[in-house]
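> the amino acid sequence is not available; the structure is as follows:
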């Protein structure tokens, strides 16, 4: 078995005012002087029949999230949001005219970020504004009664309350691609800078930053307060703890790990491997991840979600090959 690699890395940016700069020579957070954000590896032709049941959908799925109280799966295409009831299989969807590049769950609804706005979409399809912006929001995270919004091109996180931007948090970030809440803490994933940054939300500042492998792409939080990150370019599953920000695990994963979802009931991190058209379930409760499940998927499995009630896993194709539901 591959042994866990534990790394305690140098905290490079202790605070916004520390003088740490993304343009500074020898910046330890930078993989290269000319950074290019990592993306999903292109999948080969499918070599195996996808596990479980596949629902046809010709739209290229760009985001997906599951709301467990209602059993609703939200699937975002290029300009349409579909809400599927999930029983034994996916039911007929309700279509909502909302464009979303990312989806998160918030108190029985979905937060859809895209087109200069964040829209709150109820599971019955009703919509209400959750914030409007000059730039394009890249993602959201409910946090302490507010919504944190990743503003990629503005290199900042907007703190939104009552659909109004209360303040912006900026620092040494090049591309704010994803923002996550651990409950007490908050973290930004910066794909260009190839780093994770811990936020001091009450203080409206960036407190610490760490290198995140060779090309990090997606992240989730777990019930232990950690941030789990897929290092697509480096082929690894990373785990970070907060306060202080430390890398706790760097576990090799072959096949270009990309999308990730977390089942808090079973402590399973589901990771898609787009180079192999597979999804793997890792038990992350121990000292190192342990593979528990591996299934063939639809082609280009760029998105994944999980139903914590039953453990079922949903995988969607980024090239119009449908949505897959796998029962454990």
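Yep, that arrived. Quick caveat, the model's predicted, so the values are computed rather than measured.
> you'd agree residue 76 is up against residue 104?
No. Applying CB atoms under 8 Å as the test, residue 76 and residue 104 come out as separate, 11.3 Å apart. C-beta here means a position set from N, CA and C on the backbone, and glycine is covered the same way.
> so which of those two has more stuff around it?
Using other CB atoms under 10 Å, the more surrounded residue of residue 76 and residue 104 is residue 76, with 28 against 23.
> run a quick neighbour tally on the closest residue in space to residue 276 that isn't next to it in sequence.
Spatially, and ignoring its direct neighbours in sequence, residue 276 is nearest to residue 255 (4.1 Å; CB to CB, 6 or more residues apart in numbering). Residues lying near residue 255 (other CB under 10 Å) number 17.
> could you pull up the residues touching residue 255?
Shown in contact with residue 255 (CB atoms under 8 Å, 6 or more residues apart in numbering): 235, 273, 274, 275, 276, 278.
> before we move on, what about residue 143?
With contact taken as CB under 8 Å, 6+ apart, residue 143 is in contact with 181, 186, 201.
> again, only using 10 Å
By CB atoms under 10 Å, 6 or more residues apart in numbering, the residues touching residue 143 are 157, 159-160, 179-186, 199, 201.
> please apply the same query to residue 218.
Residue 218 touches 38, 40, 177-178, 189, 191, 228-232, 257-261, 271-272, 302-304, counting by CB under 10 Å, 6+ apart.
> mind showing which ranges of this structure have poor pLDDT?
Residue ranges of the chain with pLDDT under 70: 1-28, 30-32.
> ok, 90 please
1-35, 46-47, 78-79, 87-89, 107, 115, 172 (pLDDT under 90).
> as a check, name the ranges of all helices in it.
In the chain, no helices are defined using DSSP state H.
> residues in contact with the closest residue to residue 96 other than its chain neighbours?
Leaving aside its sequence neighbours, residue 96 sits nearest to residue 81 (CB to CB, 6+ apart; 4.4 Å). With contact taken as CB under 10 Å, 6+ apart, residue 81 is in contact with 63, 74-75, 93-100, 103, 110, 112, 114, 119, 121, 125, 127.
> so what sits opposite residue 81 in the bridge?
residue 76, residue 96 (DSSP bridges).
> what number of residues lie near residue 88?
Using other CB under 10 Å, residue 88 has 10 other residues around it.
> and if you look at residue 164?
Residues near residue 164, counting by other CB under 10 Å, number 10.
> distance of the residue nearest to it when sequence neighbours are not counted relative to residue 181?
Spatial nearest neighbour of residue 164, excluding adjacent residues (CB to CB, 6+ apart): residue 131 at 7.4 Å. The gap separating residue 131 from residue 181 is 16 Å, by CB to CB, to the nearest Å.
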